[in-house]
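Engineer: no sequence on this one, just coordinates:
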């Protein structure tokens with residue numbers, strides 16, 4: 001198990017205690033989750049906030065951070081001899097506690113009594129909103145809160161404190177993110193070099209995951225690999241790659257400490273973009289570059305999103321697909337027919353960082369509220385950027401037949417959309433380009449190994465692979 005220094009975890013917990021101010025903080029790790037019977041489990045993934053403050057990547061652990069005493073108690077059990085037969089030797093929890101600066105270790109069965117004693121003393125026990133069924137049941141038993149009230153009863157001061165601390169990445173985290181994004185870049189290069197007419201999406205997706213596994217990594221989220229890029233979260237891989245189609249691959253790997261990468265590339269199956277594909281691709285690339293140019297501390301990411309929308313609108317106007325005043329079209333949300341999602345999201349230990357704590361807590365604050373417009377309301381991050389935020393920039397253009405038909409039937413945005421021009425794009429699919437950026441003191445920096453993305457660079461990689 002790879003760990004940062006004990007001082008880093010101690011400083012994080014000290015920062016958390018200072019932010020929350022009073023009471024006791026209960027942090028639950030995740031347990032094993034059976035696929036179909038007890039001993040056949042899904043790949044274990046520790047809770048990210050537990051990883052951030054405790055570092056321990058093992059199942060069935062919990063921690064109490066007592067703000068009054070400043071002491072952390074770890075609850076868990078060392079594996080029995082029967083378990084060691086199956087798992088091999090394990091470092092003791094006491095030794096791991098020393099490595100992460102934890103003051104005391106108690107057995108798992110003592111957790112309930114410890115909670116009861118603190119409740120008897122009237123001590124406030126802060127908990128985060130649970131997202132796994134097992135932890136919901138555990139919290140109900142420990143705190144006496146009904147299952148349907150656990151999220152509502154979660155501690156807002158704790159949520160806000162965790163978001164504040166985890167949003168700003170330390171140098172040790174940035175190094176992990178660089179590793180994760182470089183693995184991700186290699187995964188995408190494999191797809192770009194391998195794809196060819198006659199292969200299936202499943203074969204490409206398998207090779208992408210294989211690349212992650214070669215680095216001792218795994219996926220930060222399920223792979224999207226589809227010639228139907230207009231389906232935004234398409235996790236089906238049953239199509240065969242055909243001439244004239246675009247393949248969209250959205251995938252990410254994790255570092256050894258579970259920091260995430262997240263990138264997207266879209267490229268022609270048979271090596272060269274058609275004229276129509278090249279025109280749309282260049283608009284998406286122009287939107288991404290315009291957004292990147294605006295990244296800096298203090299800039300509202302909502303405004304960066306809208307700038308990308310303006311570039312997309314202007315580009316589609318040049319193709320005759322949109323019309324009218326650009327600013328009016330964007331304010332009306334007309335661009336969302338083609339760009340129906342947000343420009344990006346925070347990234348860290350989670351690919352959509354901390355969204356288990358509530359998307360608005362992470363992406364919005366008192367300075368900016370979420371839009372109610374279709375498309376823009378899907379923007380996960382709208383607030384002002386800060387130094388050492390890490391985020392994705394991922395504009396796209398999609399031709400979604402069901403959405404085009406609905407809007408046209410309703411006469412929606414007729415002042416801005418040339419519906420009669422859409423017929424020749426009906427089977428186009430979609431294009432997305434995505435990269436990961438660190439906000440620096442003066443602007444931003446691309447994370448990870450650069451990956452070809454211009455029309456010329458993409459076609460060069462494809463030509464070499466098909467030669």
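Structural biologist: Arrived safely. Because the structure is predicted, anything quoted here is derived from the model rather than measured.
Engineer: Residue 53 in helix, strand or coil?
Structural biologist: helix (DSSP: H, G, I helix; E, B strand; the rest coil).
Engineer: And for it, the neighbour number?
Structural biologist: 24 (other C-beta atoms under 10 Å). From N, CA and C alone the C-beta is placed, and that goes for glycine too.
Engineer: Give me the pLDDT value at it.
Structural biologist: Looking at residue 53, its pLDDT is 98.
Engineer: and the gap between it and residue 9?
Structural biologist: 7 Å (C-beta to C-beta, to the nearest Å).
Engineer: Likewise for residue 316?
Structural biologist: Residue 316 is 49 Å from residue 9, by C-beta to C-beta.
Engineer: Which one's more surrounded, the two?
Structural biologist: residue 316 (27 against 22).
Engineer: Just give the nearest non-adjacent residue to that one, would you?
Structural biologist: residue 322 (4.2 Å; C-beta to C-beta, 6 or more residues apart in numbering).
Engineer: ok, what's across the strand from the one you found?
Structural biologist: residue 417 (DSSP bridges).
Engineer: Can you report how many residues neighbour it?
Structural biologist: Residue 322: 23 surrounding residues under other C-beta under 10 Å.
Engineer: ok, now which ones touch it?
Structural biologist: Each residue near residue 322 by C-beta atoms under 8 Å, 6 or more residues apart in numbering is listed here: 313, 316, 329, 334, 335, 416, 417, 418.
Engineer: and residue 423, which of the three is it?
Structural biologist: helix.
Engineer: could you pull out the helices for the stretch 1-150 of the chain?
Structural biologist: 6-20, 48-54, 81-87, 93-99, 110-120, 133-143 (DSSP state H, counting those that start in this stretch).
Engineer: ok, residues contacting the first one?
Structural biologist: Just to be clear, that refers to helix 6-20. 3, 25, 52-55, 65, 67, 70, 72, 98-102, 126, 155, 157-158, 160-162, 164-165, 170, 172.
Engineer: what's the answer for the fifth one, then?
Structural biologist: Residues from elsewhere that reach helix 110-120, judged by C-beta under 8 Å, 6+ apart: 24, 26, 62, 64, 73, 75, 106, 125, 141, 142, 143.
Engineer: For the fourth one, which non-adjacent residue is closest in space?
Structural biologist: Counting by C-beta to C-beta, 6+ apart, the nearest residue to residue 64 once its immediate chain neighbours are dropped is residue 73, at 4.7 Å.
Engineer: and the one you found, what is it in contact with?
Structural biologist: 63, 64, 66, 102, 103, 104, 105, 106, 114.
Engineer: Next, format those as a markdown table and append neighbour count.
Structural biologist: Below are the contacts of residue 73 laid out as a markdown table (neighbours: other C-beta atoms under 10 Å):
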| residue | neighbour count |
| --- | --- |
| 63 | 23 |
| 64 | 20 |
| 66 | 18 |
| 102 | 24 |
| 103 | 14 |
| 104 | 13 |
| 105 | 20 |
| 106 | 17 |
| 114 | 18 |
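Engineer: Next, format those as a markdown table and append distance to residue 381.
Structural biologist: A markdown table is the format used below for the contacts of residue 73 (distance: C-beta to C-beta, whole Å):
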| residue | distance to residue 381 |
| --- | --- |
| 63 | 29 |
| 64 | 32 |
| 66 | 33 |
| 102 | 33 |
| 103 | 36 |
| 104 | 38 |
| 105 | 38 |
| 106 | 39 |
| 114 | 37 |
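Engineer: Give the buried residues for stretch 438-452.
Structural biologist: 438, 439, 444, 447, 448, 451, 452 (16 or more other C-beta atoms under 10 Å).
Engineer: I'd like to know how many residues surround residue 369.
Structural biologist: Neighbours around residue 369, by other C-beta under 10 Å: 12.
Engineer: Please report how far it lies from residue 38.
Structural biologist: With C-beta to C-beta as the criterion, residue 369 and residue 38 are 46 Å apart.
Engineer: check contacts around the nearest residue to residue 65 once chain neighbours are set aside.
Structural biologist: Counting by C-beta to C-beta, 6+ apart, residue 65 lies nearest to residue 25, which is 4.1 Å off, once chain neighbours are set aside. Residues in contact with residue 25, defined by C-beta under 8 Å, 6+ apart, are 16, 17, 64, 65, 67, 125, 126, 127, 158.
Engineer: same deal with residue 51?
Structural biologist: Residue 51 neighbours (C-beta under 8 Å, 6+ apart): 57, 257, 258, 349.
Engineer: ok, the closest residue to the last one other than its chain neighbours - how many residues close by?
Structural biologist: To tie it back to what came earlier, the one meant is residue 349. Spatial nearest neighbour of residue 349, excluding adjacent residues (C-beta to C-beta, 6+ apart): residue 48 at 3.8 Å. Applying other C-beta under 10 Å, we find 21 residues neighbouring residue 48.
Engineer: The helix or strand containing residue 314 packs against which elements?
Structural biologist: Here residue 314, judged by DSSP states H and E, is contained in helix 301-318. Counting by 3 or more C-beta pairs under 8 Å, 6 or more residues apart in numbering; DSSP states H and E, the packing neighbours recorded for helix 301-318 are helix 275-294, helix 326-332.
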